[in-house]
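Undergrad: Here is a sequence together with a model predicted from it:
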Amino acid sequence: MGLTGHIVVARSDGPLEQVPLFASIAAPPSPEGDVTSRWPVTTGWQAVEFTDGYWDEIRLTELTELVRVTGAPASSAWVLDSDCAIVTGLAPGGRPWRVGLNVDTLVEFGKDDPEAILCTYDTDIDEYGDRIRAHVPHGAADLLAWAAAAGFTGASQRQIEDLLRSTSVFVEDIWEDILVALGFPLPWTEAPASS
């Protein structure tokens, strides 16, 4: 069974999972742990995942608060069993954006469990899939603007569009590939320390 939960990417001077927002939304502690560091890095850009608690996908309450607290762009990938994801992002002073990953799987997931998808999107699931696919160029432009607000400007529109259209057994891999292409310093992309 894959990951079902959220992967949140943001910048923080300390461990991101210790930002008070996460303590306020996490469910009571479980043996597995509700909030865990996914990729801590020394540049301040980090990711945490949490599998319990409540993150507001519709009103963007938590994402807006995280951007306010950190003063930097942030995103949340809502991952469904590692099969598909809906990623939402926001930058200070910007407008929110949303993209889908592994869209065919997302549509199939919505057909099997319409409430899981349609509770967020008031539309027919096939029509929703068509809209996500048609939105890829705009979604790529949104991602590039979001990354630029974070200080990263190396990716091309075509590169991000191709990644948004790609598929993977683990949808988290697509999201991490997009972050790498945008220039975010994931642990395995950091330059080695000089000796």
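TA: Now that the structure is in, tell me what you want to look at.
Undergrad: low pLDDT regions in this structure?
TA: Applying pLDDT under 70 to the chain picks out residues 1, 25-35, 53, 57-58, 114-123, 188-195.
Undergrad: quick one: contacts for residue 135?
TA: residue 99 (Cβ atoms under 8 Å, 6 or more residues apart in numbering). (Each C-beta comes from the backbone N, C-alpha and C, glycine too.)
Undergrad: residue closest to the middle of this protein?
TA: Relative to the mean C-alpha position of the chain, the nearest C-alpha, by Cα atoms, centre = their mean, is the one of residue 77, at 2.8 Å.
Undergrad: give me every residue that touches it.
TA: 6-9, 85-87, 101, 172, 175.
Undergrad: and it, what element?
TA: strand 74-80 (DSSP states H and E).
Undergrad: Tell me the gap between that strand and the middle of its chain.
TA: The chain centroid and the centroid of strand 74-80 are separated by 3 Å, computed with Cα atoms, centre = their mean, to the nearest Å.
Undergrad: how much does the next helix or strand after that strand deviate in direction from strand 74-80?
TA: Scanning forward in sequence from strand 74-80 by DSSP H and E, the next helix or strand is strand 84-90. Orientation check (axes from the mean of the first three to the mean of the last three Cα atoms, to 10 degrees): strand 84-90 against strand 74-80 gives 160 degrees.
Undergrad: Beyond strand 84-90, next helix or strand please.
TA: Per DSSP H and E, the first helix or strand lying C-terminal to strand 84-90 is strand 97-101.
Undergrad: Which neighbours in the sheet does that following strand have, and how are they oriented?
TA: Strand 97-101 pairs in its sheet with strand 84-90 (antiparallel), by DSSP bridges.
Undergrad: for this protein, what's the longest helix?
TA: helix 136-149 (DSSP state H).
Undergrad: list the helices and strands that helix packs on?
TA: Counting contacts by 3 or more Cβ pairs under 8 Å, 6 or more residues apart in numbering; DSSP states H and E, helix 136-149 is packed against strand 84-90, strand 97-101, helix 157-165, helix 171-182.
Undergrad: If we use 7 Å, what do you get?
TA: Here helix 136-149 touches strand 97-101, helix 157-165, helix 171-182, going by 3 or more Cβ pairs under 7 Å, 6 or more residues apart in numbering; DSSP states H and E.
Undergrad: quick one: the second one to chain centroid distance?
TA: Read that as helix 157-165. Centroid separation for helix 157-165 versus its chain: 16 Å, with Cα atoms, centre = their mean.
Undergrad: and if you look at the first one?
TA: Centroid separation between strand 97-101 and its chain, computed with Cα atoms, centre = their mean, is 8 Å.
Undergrad: and the angle for that strand with helix 136-149?
TA: Compare the direction of strand 97-101 with that of helix 136-149 by the same axes, to 10 degrees and you get 120 degrees.
Undergrad: Fine by me, we can end here.
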